[in-house]
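>>> Just a sequence and a predicted model for now, questions to come.
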Amino acid sequence: LALAANRLASRGATLWWLGASGPEHEPGDYLCDVDAGSAERLATFGIAAPPWTEPLPDDAVAIAHPRIAVFAGPRTPYPWFAYYAMALARLGFDFELIDAAAIADGALARFDLLVLPGGHSVWGIDAAENIAGADAAVRDFLAGRGAAIGSGSGAFYLSAGRPGWTNAALGRPVYSHEYLRTGVGIVSLQLAPDSIGFGCPPTVEMPY
């Protein structure tokens with residue numbers, strides 16, 4: 001269902017997500033502004049798309065289709081970026097692979113979300129790919145309306161503690177290569193009461 005909804009959004013369809021039940025819907029249903037042909041195509045995937053004749057529910061959440069960049073430079077080669085590429089494709093999201101040179105050249109202005117896989121140097125993107133200006137561009141992107149997801153060294157890059165890192169996440173490793181150890185600590189993440197937490201527990205324990 002999420003795959004179909006994301007593909008519709010990528011083609012310009014207006015979408016709303018319904019987080020509460022009602023007389024005509026269940027939590028997690030979508031309202032889609034589509035034509036009869038699209039509704040018939042949804043049916044071929046086993047997704048029922050009956051016409052909606054009621055007013056828009058007050059708790060309907062408008063769905064925006066994010067413009068996603070996946071960092072895939074020489075120091076973040078296959079398979080590091082491929083894990084995210086496969087996950088995004090399976091969820092129906094479009095994305096573009098960009099490297100440090102493109103980031104330094106202002107490419108992030110075209111995106112809403114930057115994905116930072118593991119693999120690149122923990123000291124910063126500029127140092128990893130011998131580029132000037134990529135780290136500053138990422139900081140400007142995050143200081144504006146941009147968001148980022150990082151894992152491995154990509155997550156360390158979003159934290160504090162090194163001159164090349166962004167300091168966006170208020171966490172600091174105890175020592176430089178702490179990520180090489182397993183079970184260094186456990187961080188409790190609290191999910192805000194928003195659509196991203198639908199069906200999830202209020203907190204998640206993550207190994208750090």
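Received it, and whenever you're ready, just let me know what you need. Residues are numbered from 1 along each chain as shown.
>>> quick check, residue 96 in a strand?
Yes - secondary structure assignment (DSSP: H, G, I helix; E, B strand; the rest coil) places residue 96 inside a strand.
>>> and the gap between it and residue 158?
Plainly put, residue 96 is 20 Å away from residue 158 if you go by Cβ to Cβ, to the nearest Å. To be clear about C-beta, it is placed using only N, CA and C from the backbone, and glycine gets the same treatment.
>>> Neighbour count for those two, which is higher?
More neighbours surround residue 158 than the other of residue 96 and residue 158, with 20 against 13 (other Cβ atoms under 10 Å).
>>> wait, the more buried one sits on residue 165?
Yes - taking contacts as Cβ atoms under 8 Å, residue 158 lies within contact range of residue 165: 7.2 Å.
>>> what is residue 204 paired to in the beta sheet?
residue 189 (DSSP bridges).
>>> ok, how many other residues are close to it?
When neighbours are counted by other Cβ under 10 Å, residue 204 registers 12.
>>> who touches it in this structure?
With contact taken as Cβ atoms under 8 Å, 6 or more residues apart in numbering, residue 204 is in contact with 188-189, 191.
>>> what about residue 12, helix or strand, and which?
When elements are assigned from DSSP states H and E, residue 12 belongs to no helix and no strand.
>>> any idea how far it lies from residue 64?
12 Å.
>>> out of the contacts of residue 204, who's nearest residue 49?
Minimum separation from residue 49 among the contacts of residue 204 (Cβ to Cβ) is found for residue 191, which lies at 29.4 Å.
>>> Need phi/psi at the closest one.
The phi and psi values for residue 191, taken as degrees, to the nearest 10, are phi -90, psi 130.
>>> Touching, it and residue 206? I think so.
No - contact status for residue 191 versus residue 206: not in contact, 11.7 Å apart, counting by Cβ under 8 Å.
>>> Looking only at neighbour counts, state which of these two leads.
Legend: neighbour count by other Cβ under 10 Å for residue 191 and residue 206, higher for residue 191 (13 against 10).
>>> Thanks again, I'm all set now.
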